[in-house]
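In: quick one: sequence plus predicted model below, questions after.
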Amino acid sequence: MSDHKKDDSQKTKEHLREVLELDKETDYCKEDAMIFDNMGVIYSEMGDLEEAMKYHQKALKIFRELDHREGEAITLNNIGLIYQTKGDLENALKYLKDALNIIDKYKFTYGRDVIQNEINSIMNDLEEN
């Protein structure tokens, strides 16, 4: 990652943390979960998968508490991608399938084809090994 992109990611993380601090005294809402999920994406892009997973797990918990299925599906996908990056294909497949099930059940369209392609890729990798 270039130094410029690292600086931008660092500034974005700081800004998102400030936003969460402002909301710390209230109950979490959908926007908080989205911020946590975005923080997870930023940490993933920076290569810190453990920190990314922590933020995605926080987001997932909030989305589930709020019964926000689309956010839940997006976050499950992001968690699946982390497991895939780590080489844990069984867990990756589980989370990606869970995301796809929600997308299909509620007829969401966002990311469906991408998730299905990732599932197919993992299935092919598992069959080859």
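Out: Arrived safely.
In: ok, residues contacting stretch 120-129?
Out: With contacts defined as Cβ atoms under 8 Å, 6 or more residues apart in numbering, stretch 120-129 is touched by 84, 89-90, 92-93, 96. Placement of C-beta: from N, CA and C, glycine included.
In: buried only: go through these for me.
Out: The neighbour count (16 or more other Cβ atoms under 10 Å) marks 84, 89, 92-93, 96 as buried among these.
In: out of those residues, who's nearest L60?
Out: The closest of the buried ones among the contacts of stretch 120-129 to L60 turns out to be L96 (Cβ to Cβ; 13.8 Å).
In: pLDDT at the closest one, what is it?
Out: Note for L96: predicted pLDDT of 98.
In: isn't it right up against I115?
Out: Yes - here L96 reaches I115: they are 5.6 Å apart, a contact under Cβ atoms under 8 Å.
In: restricting to C-alpha, output stretch 63-77 in PDB.
Out: C-alpha atoms of stretch 63-77 as PDB (Å, rounded to 0.1, in the frame of the first residue of the first chain):
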ATOM      1  CA  PHE A  63     -27.200  -5.600  12.700                       C
ATOM      2  CA  ARG A  64     -28.700  -8.700  14.200                       C
ATOM      3  CA  GLU A  65     -30.000  -6.900  17.300                       C
ATOM      4  CA  LEU A  66     -31.600  -4.300  15.000                       C
ATOM      5  CA  ASP A  67     -32.900  -7.100  12.700                       C
ATOM      6  CA  HIS A  68     -31.200  -5.300   9.800                       C
ATOM      7  CA  ARG A  69     -30.800  -8.200   7.300                       C
ATOM      8  CA  GLU A  70     -29.100  -6.400   4.500                       C
ATOM      9  CA  GLY A  71     -26.400  -5.100   6.800                       C
ATOM     10  CA  GLU A  72     -26.100  -8.600   8.300                       C
ATOM     11  CA  ALA A  73     -25.600 -10.100   4.900                       C
ATOM     12  CA  ILE A  74     -22.900  -7.500   3.900                       C
ATOM     13  CA  THR A  75     -21.100  -8.100   7.100                       C
ATOM     14  CA  LEU A  76     -21.300 -11.900   6.900                       C
ATOM     15  CA  ASN A  77     -19.700 -11.500   3.400                       C
END
